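Peer 1: Just to be clear, the model below is a prediction. Sequence and coordinates:
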Protein chains: 2
Amino acid sequence: MAIRTFRSDISKLQLHRFINMATSQQEKAPSSKLQFTLKTPKGTKDWYDKDMVIREEIFSKLSKTFKRHGGTTLDTPVFELREILAGKYGEDSKLIYNLQDQGGELCSLRYDLTVPFARFVAMNNIQNIKRYHIAKVYRRDQPAMTKGRMREFYQCDFDIAGNYESMIPDAECLAIMVEGFASLGIKDYKVKLNHRKILDGIFQVAGVKDEDVRKISSAVDKLDKTPWETVKHEIVVEKGQTEATADKIGEYVKLNGTLQEIHAFLSKDAAITSNERAKQGLDELATFTKYVEAMEIDSYISFDLSLARGLDYYTGIIFEAVTKGSAPPKNAEELKKKAKNAEDASEYVGVGSIAGGGRYDNLVNMFAEATGKKAVQIPCVGFSFGIERIFSLIKQRAEQAAAIRPTATKVYVMAFGGGKDWTGYLPERMKVAKQLWTAGIETEFVYKAKANPRKQFDAADKCGCPLAVILGKEEYLENKLRVKKLGPEFANDDGELIDAADLIKVVNEKLAEVYTDGTDEITKLFQGL
Amino acid sequence: MAIRTFRSDISKLQLHRFINMATSQQEKAPSSKLQFTLKTPKGTKDWYDKDMVIREEIFSKLSKTFKRHGGTTLDTPVFELREILAGKYGEDSKLIYNLQDQGGELCSLRYDLTVPFARFVAMNNIQNIKRYHIAKVYRRDQPAMTKGRMREFYQCDFDIAGNYESMIPDAECLAIMVEGFASLGIKDYKVKLNHRKILDGIFQVAGVKDEDVRKISSAVDKLDKTPWETVKHEIVVEKGQTEATADKIGEYVKLNGTLQEIHAFLSKDAAITSNERAKQGLDELATFTKYVEAMEIDSYISFDLSLARGLDYYTGIIFEAVTKGSAPPKNAEELKKKAKNAEDASEYVGVGSIAGGGRYDNLVNMFAEATGKKAVQIPCVGFSFGIERIFSLIKQRAEQAAAIRPTATKVYVMAFGGGKDWTGYLPERMKVAKQLWTAGIETEFVYKAKANPRKQFDAADKCGCPLAVILGKEEYLENKLRVKKLGPEFANDDGELIDAADLIKVVNEKLAEVYTDGTDEITKLFQGL
């Protein structure tokens, strides 16, 4: 079994043939049949170097945040049975990547992390769980690589499933979102929040029939990037509502302010308070407000009646975090019209939000029902961080901030000497490196038996390494090592000659001087600018 | 863009339809068309709970080891252009998962991490890199789930690419492997090592023609699980060598011992030392031995002339780590014959190795050549940890060790009180939790306005939480909190009543008492038993 998971898997004979082909091809013309372009598939890319360092740090900080709230992680397969995804994504289903039918079950790559989560909960009869999932999802969409829209991209979801008292997990989700942003040094944002029941109540009060509520809701959902006049036109002309109904809706959806303000305002509105659904939503929000006040996150929240969010499955609070930096340009609509091709136009769609979510009480039940199981209500509330957008924000910051190092190397072990008898101290450098590795200190040395000082300093420089341990030709024979700080400010500093026995102690001291709390590049980067 | 990455993606109308279908289905018979089985695809599974905690800890410890040696990580797409994988896996190519042709490029799921790495290096003209990659790969193999053989499984690769002086990166790879096992608490293993050039030399000395070397090598590769007589039979009868040739090979491949012993033995063998390739291999191993002695890892290594490893692309040292625990049963061959079906039989193939690798100097060049680029030699040496096998070993250990906790929760915030006027202190518990979260302490509370003490203790117990912070009805009004250690040994301990202002200080002190170095479950687990 083990061998199977290693490199011995590649069949011997066939690979041998490949090697022979490649070799014989070299001898022939370069236009051989074997030729192809070396690239990654459309809409995908390799992540490496500094981008990868930033990305891993984002994942690490968000994972820690989720764990701080009792979250556990779930890792589902990258593909699901095709029927699990069927009927969940409407016309976007055409964007699902299918696996080829090679016999056996028909499968598709996951399109998001929410449907696999609901499948998991229903399949295992999970009664309650706080789960997070950071993983790639797949969409055969028109890619816009420069703007970070890919066919393979990360999602980062947190969800709480279970029958709990009203609004408690909902409030904690908001607390987790706020903590997550704090951990990433993202300060300049607000969380728009609304309640589906209030929104439904408003539509009822305005005279929208029950069967039209969802389509009016989806028109209102466009208000973050479309002026009211355009939305009103859609409501009246396309969605067949009266002018009076549209105007009534318009009065409400323009409202936004603090939770307390808007709640007080709506509570004085007899039309709203006498609508059963709206009243229920208002009562829930009053409870919610008490909780977010206790958790000291109410100041981040703006009660915004224009927020509708696209998904039908939301049944309670809905919310979306937007940064000023990520707001769409004022002339987005105009730019969109001018855009020469679909790819350009798509840049102006949906820019703005860096996290979003809400309560969805019926999704798990759908799976349970669809499999003929006894219907079990497992209410859920959760949200996603918009990883790709957050990455872009932090990447921008990185460009203004100190250089991010691709490696974690803290010490470069060098040897200085010369003359005919000089061995280059390679095994000796290895011995010193070994001591440092054993002490958990990230260490490298130049892969040369005899390396000149310039080349060794250059190598250390290239990876931004802050410290050198130097084996001097004579000094080393006297059991002495030289520990020297690197960087332009220490160019004239010869470092400190120490007893070899004190190596780890001295290196740790010097590293503590270089990396005092909050001064290394990646820490600085995530403190925000 | 951001909206696209969140939950609003599911098209409104279509999902609405799905909800309606699900609802109406509930009203109808359970045998509706919508019915399907809730499961993951064959050979895949969800990872969660304690398994996931162990798995993440393995990844974390190995990543830290790689970083300690200057490693950077690379994240390649889960699918590659089909032509990149074509011709690399011989008859195993039938195990590759293809994506359906939905227009555009033809793609396949990656089969391993080595080919994508070589593609990346060739494509970007990388001159040198130390990269690690921990990710899932895909094979349409016969799964044996109970033994951990899956169609979707993790690989964990480390490779050093670049033109360096002989044997230096090779020796560091071994050092990294040894450190990796140490970090996982795996002690009971040895690393079998051989050199392709020595092996080739032995075959030449024994009278094998050059064109037969690879197939004889693949016969010898079976020696770890097949007796010499069977292998000899294969060499003579199937591979057409003389009895004398086979016997000569047999003399050599039975040899194993320390690097120093076997090197000394072969150096006295005139047949070997006069063979050019064998001599070159011996010289390289002498250098290698000097380096692994310097890094103090030579004692883990057994020079084993029977080790051949399957892959044709190896050109220098090859190595494989085996645990005693993972050795095949003595009667493996017999069991294999008796096995009733292919799945059972496959259990006895290749059990034994928990890591493996070697030097492969031509693979990158193949890609460069195949694309008509100027051939550039980028020599590589690297290895894989057998994650699934290592997981099984540590899981076994976990079953004997203290319980692993699925969550990281350190503090449960509770409230005790009663009477008609008792509110349950929910917002107050939230305030206290908020303080703990802000201090970075993993904290939960029960999602109930009024929770009785039993339920709160049960919830804390269930997640193995070591500490409770209790808001007593009267005590809290006097700005006092009670901090109490949890667990059966503290059943009669009422905890300590403290000033609310001292909360974080006291909690950190008590946690330090509970989690003294090396006493929490996961740390203990990875120290080995």
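Peer 2: Structure received.
Peer 1: contacts and neighbour counts: CA atoms only from here.
Peer 2: Fine.
Peer 1: domains for chain A, by residue range?
Peer 2: Domain ranges of chain A: A:1-36, A:42-185+A:379-400, A:411-526, per automatic domain parsing.
Peer 1: Can you tell me the element A:Lys67 falls in?
Peer 2: Taking DSSP states H and E as the criterion, A:Lys67 maps to helix A:49-68.
Peer 1: next one: A:Asp101
Peer 2: Counting by DSSP H and E, A:Asp101 is found in no helix or strand.
Peer 1: how near is it to A:Glu80?
Peer 2: 14 Å (Cα to Cα, to the nearest Å).
Peer 1: So for these two, which residue has more residues nearby?
Peer 2: A count of neighbours by other Cα atoms under 10 Å in any protein chain shown puts A:Glu80 above the other of A:Asp101 and A:Glu80, at 26 against 13.
Peer 1: quick one, what contacts A:Thr73?
Peer 2: A:Thr73 makes contacts with A:131-133, B:48-49, B:52, as judged by Cα atoms under 8 Å, 6 or more residues apart in numbering or on different chains.
Peer 1: now do A:Asp210
Peer 2: A:Gln204.
Peer 1: re the thing from before, okay, the domains of chain A, which one's buried deepest?
Peer 2: Of all the domains of chain A, domain A:42-185+A:379-400 has the most neighbours on average by mean count of other Cα atoms under 10 Å in any protein chain shown, namely a mean of 20.
Peer 1: residues contacting A:Met295?
Peer 2: Contacts of A:Met295 by Cα under 8 Å, 6+ apart are A:175, B:427, B:430-431, B:433-434.
Peer 1: Whichever residue of the stretch 301-450 of chain A sits closest to chain B and A:Leu503: what is the separation?
Peer 2: Going by Cα to the nearest Cα, chain B is nearest to A:Glu442 of the stretch 301-450 of chain A, at 3.8 Å. According to Cα to Cα, A:Glu442 stands 14 Å off from A:Leu503.
Peer 1: dump the residue contacts of the residue minimising distance to the centre of chain A.
Peer 2: Nearest to the mean C-alpha position of chain A, by Cα atoms, centre = their mean, lies A:Ile387 at 2.4 Å. Listed by Cα under 8 Å, 6+ apart, the contact set of A:Ile387 reads A:154-156, A:354.
Peer 1: Now flag whichever of those is closest to B:Thr516.
Peer 2: Looking at these and their distance to B:Thr516, the nearest is A:Cys156, at 32.8 Å (Cα to Cα).
Peer 1: where does the closest one land in three-state SS?
Peer 2: strand (DSSP: H, G, I helix; E, B strand; the rest coil).
Peer 1: wouldn't it be in contact with A:Arg389 here?
Peer 2: No. Using Cα atoms under 8 Å, A:Cys156 makes no contact with A:Arg389, being 11.7 Å away.
Peer 1: Which members of the contacts of A:Met295 are the farthest-apart pair?
Peer 2: Longest span within these, Cα to Cα: A:Ala175 and B:Pro427, 13.3 Å.
Peer 1: can you give me the helices in the stretch 151-300 of chain A?
Peer 2: Counting by DSSP state H, counting those that start in this stretch, the stretch 151-300 of chain A has helices at residues A:168-183, A:196-206, A:213-220, A:228-233, A:243-253, A:259-267, A:270-273, A:276-294.
Peer 1: So which of the ones you listed is nearest chain B?
Peer 2: So among the helices of the stretch 151-300 of chain A, helix A:276-294 is nearest, using Cα to the nearest Cα, at 5.2 Å.
Peer 1: I would like the residues contacting the closest one, please.
Peer 2: A:166-168, A:170-172, A:174-175, A:195-202, A:259-260, A:263, A:267, A:272-273, A:298, A:316, B:427-428, B:430-431.
Peer 1: Just give the number of residues close to A:Leu307.
Peer 2: Neighbours of A:Leu307 (other Cα under 10 Å): 26.
Peer 1: what's near enough to touch it?
Peer 2: A:192-194, A:220-221, A:223-224, A:318-319.
Peer 1: For the nearest residue to A:Asn98 once chain neighbours are set aside, give its distance to A:Ala135.
Peer 2: Of all residues not flanking A:Asn98 in the chain, A:Ser108 sits nearest, at 4.2 Å (Cα to Cα, 6 or more residues apart in numbering or on different chains). The gap separating A:Ser108 from A:Ala135 is 16 Å, by Cα to Cα.
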